[in-house]
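Visitor: A predicted structure for the sequence below; I have some questions about it.
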Amino acid sequence: GFHVNQRAGVKNGDRVLVIGAGPIGLIVGLVAREGGAAQIAFSEINPIRIDQVRSFGFTDIINPIENDAAAEAALLTEGEGFDVVIEVSGSQAGLLLATQACRIRGTVVFVGFPGSIPQFNVMQGIFKELTMVGSRVYTYSHFQKAVRLLESVEAAGHYDLEKLISGVHSLEELAQSIQTMKEGTVPGKILIEF
């Protein structure tokens, strides 16, 4: 989440939309908040994940099943669009929303892995002059900075970070744990104990 925010160039006062509120998306939002983003919104369809996001104090949530996501994004930003849109879902709908919800000359960061080669609205990228960035893995210095951020956040008691972990399972339970994560029936990460 720290590396994604660095790739995005999130600055103090930015409006940020995170598409996909699984564990990675939630951490991206938490880091953006700690980095001074003025507004952090999430787009998510899974009610379990929506509840998890709310439990961390986020209130701007777009559910594309219930509402027109692009219209909701425009409403949340008074028609300007988000400064930074971080696409974590890897879904076709999420990729299309990313360019729609981003402001002119904003930044879209791609984090989620699509299941197949997706369609993408290049014309919005051209006409809005969007900066499009990929984010896959962190650098060693980002890892070090993330650990320091985690220590300061934990010391301040801002969040119950234990909620990011939905369970600790044995290596024998690996296959079932992966299936559970795919089903989206738990809000956090499942850790495997060796």
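Guide: Great, that's in hand.

Visitor: tell me the residue furthest from the middle of the protein?
Guide: No residue in the chain has its C-alpha farther from the mean C-alpha position than residue 172, which lies at 30.1 Å (Cα atoms, centre = their mean).

Visitor: Mind checking what secondary structure that one has?
Guide: helix (DSSP: H, G, I helix; E, B strand; the rest coil).

Visitor: Output the lowest-mean-pLDDT helix or strand in the chain in CSV with nothing but the alpha carbons.
Guide: Least confident helix or strand, the chain: helix 140-156 with a mean of 86, by mean pLDDT, DSSP states H and E. This file holds the C-alpha atoms of helix 140-156, laid out as CSV (Å, rounded to 0.1, in the frame of the first residue of the first chain):
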residue,chain,number,x,y,z
TYR,A,140,13.5,-2.1,-0.3
SER,A,141,13.4,1.6,0.8
HIS,A,142,9.6,1.6,0.5
PHE,A,143,9.5,-1.5,2.7
GLN,A,144,11.6,0.2,5.3
LYS,A,145,9.5,3.3,5.2
ALA,A,146,6.3,1.2,5.4
VAL,A,147,7.6,-0.5,8.6
ARG,A,148,8.3,2.9,10.2
LEU,A,149,4.8,4.1,9.2
LEU,A,150,3.3,1.0,10.6
GLU,A,151,5.2,1.5,13.9
SER,A,152,4.0,5.2,14.2
VAL,A,153,0.4,4.3,13.3
GLU,A,154,0.3,1.5,15.7
ALA,A,155,1.9,3.6,18.5
ALA,A,156,-0.7,6.4,17.9
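
Visitor: Tell me the buried residues in that helix?
Guide: 142, 146, 149, 153 (16 or more other Cβ atoms under 10 Å). For glycine as for every other residue, the C-beta is placed from the backbone atoms N, C-alpha and C.

Visitor: surely the last one meets residue 159?
Guide: Yes. Residue 153 is within contact range of residue 159, at 6.5 Å (criterion: Cβ atoms under 8 Å).
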